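J.: next input, structure requested:
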Amino acid sequence: MTAALVGAALAAALPAVAALAGTPELAAVLLVEQLAFGWAWVAVLRASRPTVVLLAVAALTADGAVLGATRHDLGGIAGVVGAGLAVVIVYQLFRRRRVGAAPAAAPAAVG
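T.: So this is what the prediction gives:
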């Protein structure tokens, strides 16, 4: 439990320290943290490969938003996170519907 608390504190403090260092440093820290949290989410939920791709694209897009921002606030990333979350939810709902669909009727035996 203590290791989890220390890890959470570090994960929260690193972006703040990196933001003081500069935009490229902040983007690097955010990319590493997003990929680590995404990997943990995928591992725990046993998500599909397309979900992993969606997480990676969202992480890279968020990094692009950070690198393109003129100031360090969450405004640029909020849109990326919101859109990424919506895409993942819609994908998972579509996947669940496809997986949970009733099987097609088997063809009748001939003869």
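J.: not counting the helix or strand in which residue 67 is found itself, show me its contacts.
T.: Under DSSP states H and E, the secondary-structure element containing residue 67 is helix 49-68. By Cβ atoms under 8 Å, 6 or more residues apart in numbering, the surrounding residues in contact with helix 49-68 are 23-24, 26-27, 30-31, 34-35, 38, 41-42, 76-77, 79-81, 83-84, 87-88, 91-92. For the C-beta atoms, the positions are set from N, CA and C on the backbone; glycine is no exception.
J.: now intersect those with the strands, please.
T.: Using DSSP state E to define strands, no part of the contacts of helix 49-68 is located there.
J.: could you flag which of those are buried?
T.: Among the contacts of helix 49-68, those classed as buried by neighbour count (16 or more other Cβ atoms under 10 Å) are 23, 26-27, 30-31, 34, 38, 76-77, 80, 84, 88, 92.
J.: ok, of those residues, which one's closest to residue 48?
T.: residue 92 (8.7 Å; Cβ to Cβ).
J.: residues contacting the closest one?
T.: If you count contacts by Cβ under 8 Å, 6+ apart, then residue 92 has residue 51 around it.
J.: distance from the helix or strand hosting residue 96 to the middle of the chain?
T.: Here residue 96 sits within helix 75-99, counting by DSSP H and E. Mean-position distance between helix 75-99 and its chain equals 9 Å (Cα atoms, centre = their mean, to the nearest Å).
J.: check stretch 17-36 too.
T.: Between the mean C-alpha point of stretch 17-36 and the mean C-alpha point of its chain there is a distance of 15 Å (Cα atoms, centre = their mean).
J.: likewise stretch 10-20?
T.: When C-alpha coordinates are averaged (Cα atoms, centre = their mean), stretch 10-20 and its chain have centres 19 Å apart.
J.: give me the contact list for that stretch.
T.: Outside stretch 10-20, the residues within contact range by Cβ under 8 Å, 6+ apart are 25-26, 28-30, 33, 72.
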